[in-house]
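# no letters, just coordinates:
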């Protein structure tokens, strides 16, 4: 690739899209944000993705760059090999051949990936996991999902559903998860679960960030909810370490913004759970909400090398 080559990258979320032109070294040349407007239906979202990607490619050419590939990261179940968005509750996709549609519209080699795996790829290669060969990236927000990255490649699984650490059973008989089962990690320790649990105990609403602050201030209900979440997260991460034996666990998503309020007790709780397993380095994500978009760019760059 020449220094003037760029890839078009899109990270599609339920409410917004992070979009960029990215150079061969992973540097962002141009960044944009657009609404997803998922309420308009999946067909409209697909049209918006293609319109935005085509627009970015045009802007690249106008600025003297040459777009050479497209990378798109989407939520849900993704068949990366086939380039199909199999299913997504947030966006409404069901068996959408997004890669083929993009190639037909833009005429560029296109890679389709999963949003959390793309974020994990970026954190492992460009962010907090850089320089370590085995990384588990865990995104904790409304839900909880993970990506296992080995030597710069994220495992997809046999059916495109690898990394669903949020659905590890940590509290049998516990709160009902969105998947229908009781006691999943996501139902106890996600940001939405923390807010829901606090409302049950305290009788007032608060965000997970506010619960963290109130726990630090000594409020009993908040402290109980926060401790429950940290203990559950430690159980989930200990299970992940048993399965994957990684060097570094990178925690991202909205909950990671709690900083030491999360990481200090979580490190201690994880340490307590280690027996013969090597304790992983536990660090905060470094790339923020740009990780998915950068990961989509890396997928596009990798696709060119195949």
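Now that the structure is in, tell me what you want to look at. From a predicted model like this one, the values you see are computed outputs, not experimental measurements. Residues are numbered from 1 along each chain as shown.
# show me where the stretch 201-306 of the chain has its strands.
According to DSSP state E, counting those that start in this stretch, the stretch 201-306 of the chain carries its strands in the segments 248-252, 281-284.
# which residues of the stretch 101-250 of the chain fall in helices?
Counting by DSSP state H, counting those that start in this stretch, the stretch 101-250 of the chain has helices at residues 115-125, 185-189, 191-202, 208-216, 220-244.
# that older thread, dump the strands of the stretch 201-306 of the chain into CSV; add mean neighbour count, mean pLDDT and distance to residue 264 as well.
Any C-beta I mention is one placed from the backbone N, CA and C, and that applies to glycine too. Formatted as CSV, the strands of the stretch 201-306 of the chain follow (neighbours: other C-beta atoms under 10 Å; pLDDT from 0 to 100; distance: least, C-beta to C-beta, whole Å):
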stretch, mean neighbour count, mean pLDDT, distance to residue 264
strand 248-252, 26, 98, 13
strand 281-284, 18, 98, 10
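# now residue 85: which helix or strand?
strand 84-87 (DSSP states H and E).
# okay, now the sheet partners of that strand, with direction.
Neighbouring strands of strand 84-87 in its sheet, by DSSP bridges, are strand 77-79 (antiparallel), strand 94-96 (antiparallel).
# now that strand: mean pLDDT?
Summarised as a single mean, pLDDT over strand 84-87 is 93.
# also stretch 30-45?
Rounded mean pLDDT across stretch 30-45 is 94.
# what does stretch 130-142 give?
Per-residue pLDDT over stretch 130-142 has a mean of 94.
# for the chain, where's the lowest mean pLDDT among helices and strands?
One helix or strand of the chain scores below all others by mean pLDDT, DSSP states H and E: strand 77-79, with a mean of 91.
# and the contacts of it?
84-88, 112-114, 156, 159-161 (C-beta atoms under 8 Å, 6 or more residues apart in numbering).
# that older thread, okay, the strands of the stretch 201-306 of the chain in a markdown table with distance to residue 38 next?
Converted to a markdown table, the strands of the stretch 201-306 of the chain look like this (distance: least, C-beta to C-beta, whole Å):
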| stretch | distance to residue 38 |
| --- | --- |
| strand 248-252 | 22 |
| strand 281-284 | 29 |
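# pick the most deeply packed of the helices of the stretch 101-250 of the chain.
helix 115-125 (a mean of 30; mean count of other C-beta atoms under 10 Å).
# and that one, how far out from the chain middle?
Centroid displacement of helix 115-125 relative to its chain, using C-alpha atoms, centre = their mean, to the nearest Å, is 7 Å.
# kindly report the same for stretch 77-87.
Its chain's average C-alpha position is 16 Å from that of stretch 77-87, according to C-alpha atoms, centre = their mean.
# stretch 256-275 now?
That offset, for stretch 256-275, works out to 20 Å (C-alpha atoms, centre = their mean).
# cool, stretch 271-289 as well?
Centre to centre, stretch against its chain (C-alpha atoms, centre = their mean), the figure for stretch 271-289 is 17 Å.
# span of it from start to end?
28 Å (C-alpha to C-alpha, to the nearest Å).
# mind listing what's buried in it?
Within stretch 271-289, the residues that count as buried by 16 or more other C-beta atoms under 10 Å are 273, 280, 282-287, 289.
# in a helix, that's where residue 21 is, yeah?
No. Residue 21: not assigned to a helix; according to DSSP: H, G, I helix; E, B strand; the rest coil it is strand.
# identify the bridge partners of it.
residue 8, residue 30.
# sorry, back to before: of the contacts of strand 77-79, select the buried ones using a PyMOL command.
A single PyMOL command is used to select the members of the contacts of strand 77-79 judged buried by 16+ other C-beta under 10 Å:
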select buried, resi 84+85+86+87+88+112+113+114+156+160+161
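# now, which of the contacts of strand 77-79 sits nearest residue 13?
Nearest to residue 13 among the contacts of strand 77-79 is residue 88, at 10.2 Å by C-beta to C-beta.
# contacting residues for the closest one?
74-77, 94.
# between the residues you listed, which is nearest residue 169?
The closest of these, once distances to residue 169 are taken by C-beta to C-beta, is residue 77, at 20.0 Å.
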